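> Turn this into a model:
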Amino acid sequence: MKKYILTLSLAVVATTVATANEINNNVEPVDTMLSVKNVNHVVITESPEGIRVGIKGLDSDDQFQNSYVIPYEANAVIKSQQKFTMPFSLLSKHFDNVVGLLGGVHFGFTGAVGAPDFMDTQMGKSFEIGLDDLIFYRYKFGVAKRNSVQIGMSVNWRNYRMTGENRFAMADDGSVVITNYPDATDGCFSRIKVFSLAFPVSYAYTSPVKAIGKSNLGFKLSAIFNWNSHASMLTKYELADGTKVKENYDHIGHQKFSIDMMLSVQVAPSINLYFKYTPYNLFKSGSGSPEFQTISTGIAIGCF
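Numbers count the residues shown, from 1 in each chain. Prediction:
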């Protein structure tokens, strides 16, 4: 198949000529076969027979055309190398104003602050996971473009899990309570899960200080506005006769809107550590459900 590369600089042409000579094992100095200035278009066509370099248009003559053919030797083995990096951001980081898609992913552990002592959620077993910046806009400014502000849209799943003697349960008035498992049962786990559509607003600074992997140490402060569109509660336990019981509730009286405050630190290329604090209670005030705030800490992979 022929490959067409349009609007290349003459530097690419020179590189192509040098590469062709290496293929032909020609160790003699490279002669200049074609030299044209102020070209509008350069077209390079590759086929099994060789490479054809075509030139179209000059600043002084739109109708100008010329070409040069670099033949391959018979039975020559042509080697090429292509480098492709799958970015989390679809646009280059060198642009001052960037609209991008899928900035990255994150995973962290969740803890409950101010919760009752008998709510024994464990941070090592409670976690959150999400997709960062499904779509975002970033603007860079300042000296060396080290400062940036960004807005975007993300999604997050957050989990609060208990595996001890207590469980989440639904009271008759619709509030969430924390109680023991029924007598003569073997508790498996009890958890609350919250899905949020998030809108982060961030300020970031990339310092000249080098971190791991020759990346620059960076800091980001974010206010994340959450629409907690869905929350559910699930408890599983086993009766004495081996019967497995599952209690599931979808309407648990959670806060529909909340705000997270987050600090992120870039420590390696596309690797960020973060700490997040949510000053809002998970449940609505006055609902009779336990009151507690949330912290989470973890790692994010993607653009900073």
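
> where do the helices sit along the stretch 101-250 of the chain?
In the stretch 101-250 of the chain, no segments count as helices under DSSP state H, counting those that start in this stretch.

> Low-confidence bits of it, can you list those?
Nowhere does the stretch 101-250 of the chain drop to pLDDT under 70.

> per-residue pLDDT, V27?
Note on V27: pLDDT of 44.

> Same check on the one 4 residues further on?
With respect to pLDDT, D31 has a value of 63.

> Repeat that for Y68.
72.

> try D62
Note on D62: pLDDT of 73.

> thought it was touching H41?
No - assessed by Cβ atoms under 8 Å, D62 is found out of contact with H41, at 10.5 Å. Where you see a C-beta, it was placed from the backbone N, CA and C, and this is true even at glycine.

> More neighbours: these two, which one.
Shown here are D62 and H41; by other Cβ atoms under 10 Å, H41 has more neighbours (12 against 9).

> Give me the mean pLDDT for whichever strand or helix holds that one.
Under DSSP states H and E, the secondary-structure element containing H41 is strand 39-47. Strand 39-47 shows a mean pLDDT of 75 in the predicted model.

> helices or strands next to it in the packing?
Using 3 or more Cβ pairs under 8 Å, 6 or more residues apart in numbering; DSSP states H and E, the elements in contact with strand 39-47 are strand 3-5, helix 10-23, strand 50-58.

> For stretch 202-216, measure first residue to last.
18 Å (Cα to Cα, to the nearest Å).

> which other residues reach that stretch?
Contact partners of stretch 202-216, identified using Cβ atoms under 8 Å, 6 or more residues apart in numbering, comprise 144, 146-152, 217-223, 264, 266-269, 271, 304.

> swap in stretch 129-141?
By Cβ under 8 Å, 6+ apart, stretch 129-141 touches 89, 95-108, 146-157, 198, 200, 300, 302-303.

> Next, the buried residues of that stretch.
130-134, 136, 138, 140 (16 or more other Cβ atoms under 10 Å).

> Of those, which belong to strands?
With strands taken from DSSP state E, the overlap with the buried residues of stretch 129-141 comprises 130-134, 136, 138, 140.

> returning to what we had before: can you check which residues contact both of D62 and H41?
Joint contacts of D62 and H41 (Cβ under 8 Å, 6+ apart) do not exist.

> Ramachandran coordinates for P290?
phi -60, psi 140 (degrees, to the nearest 10).

> Around the closest residue to E165 other than its chain neighbours, count how many other residues there are.
Of all residues not flanking E165 in the chain, N180 sits nearest, at 6.1 Å (Cβ to Cβ, 6 or more residues apart in numbering). Neighbourhood size, N180 [other Cβ under 10 Å]: 13.
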